[in-house]
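[1] Model the structure of this input:
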Amino acid sequence: AAGVAFVAFAAPAAAQEQKPIKVAGVYTVPVEQQWVSRIHKALNAAQERGDITYVYSENVANTDYERVMREYAEQGTDLMFGEVFGVEQAARKVATDYPEVAFVMGSSFQPQDPNFSVFDNFIHEPSYLTGMIAGATTESNVIGMVGGYAIPEVNRLMNAFMAGVKESAPDAKFQVS
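    I've put the predicted structure just below:
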């Protein structure tokens, strides 16, 4: 701890000379959306402290996502945040083309060396539990489901829900839309 304290007090001049990290956010949803809003608020707080500069694009269509990522990379972005559930291949290609940029992306897949980190949530677990409840309470043994785009994130949730239903109602049937 003494060593850490020494470094913290001995290096303020060096820290002041360091430029803020250039961060960009590329979001397919508005920044008010629940999980994007948390990232956005954290990055704004870091910018207010002077740790980073932060720019972002929201409501980016999947068909535009790669272009927006490339534009930020070309502008000298050091670190890029976003979610790539519907544009995995294109986003990973951008990361390959810009190895000097660090990417932190919401994804259902694994990280990619050397610069593509991923984060995800574990909402498949409550989805499984909800399925168990649905299976235990069904009177018709027919479970209706409505899902979004058939991307790994959505498929994972629907499969977890169906597995939960089967846990408590093994003979249940599904109607999926």
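
[2] from here on, contacts and neighbour counts on C-alpha atoms
    OK.

[3] For the nearest residue to Asn115 once chain neighbours are set aside, which phi and psi angles does the backbone take?
    Excluding the flanking residues, the one nearest Asn115 by Cα to Cα, 6 or more residues apart in numbering is Ala102, at 4.9 Å. Main-chain dihedrals, Ala102, degrees, to the nearest 10: phi -90, psi 130.

[4] Then Gln112?
    Gln112 has phi and psi values of phi -130, psi 120 when expressed as degrees, to the nearest 10.

[5] now it, nearest residue through space, not along the chain?
    Arg92 (7.7 Å).

[6] Surely that neighbour is in contact with Phe116?
    Yes: with contact defined as Cα atoms under 8 Å, Arg92 and Phe116 form a contacting pair (7.3 Å).

[7] picking up where we left off before, any buried residues in the helix or strand harbouring the residue nearest to Gln112, and which?
    Taking DSSP states H and E as the definition, one finds Arg92 inside helix 88-97. Within helix 88-97, the residues scored as buried using 16 or more other Cα atoms under 10 Å are Glu88, Ala90, Ala91, Arg92, Val94, Ala95, Thr96.

[8] got a markdown table for these, with pLDDT too?
    Below are the buried residues of helix 88-97 laid out as a markdown table (pLDDT from 0 to 100):
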| residue | pLDDT |
| --- | --- |
| Glu88 | 91 |
| Ala90 | 96 |
| Ala91 | 97 |
| Arg92 | 97 |
| Val94 | 98 |
| Ala95 | 98 |
| Thr96 | 98 |
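
[9] Looking at these, which is nearest Tyr72?
    Using Cα to Cα, Val94 is the member of the buried residues of helix 88-97 that lies nearest Tyr72, at 10.7 Å.

[10] What is the least confident helix or strand in this structure?
    Least confident helix or strand, the chain: helix 2-10 with a mean of 39, by mean pLDDT, DSSP states H and E.

[11] What ranges does the protein have for its strands?
    In the chain, the strands defined using DSSP state E lie at 21-26, 52-57, 79-83, 102-106, 116-119, 142-145, 173-176.

[12] Check the burial of Val29 by counting its neighbours.
    Neighbours of Val29 under the rule other Cα atoms under 10 Å: 18.
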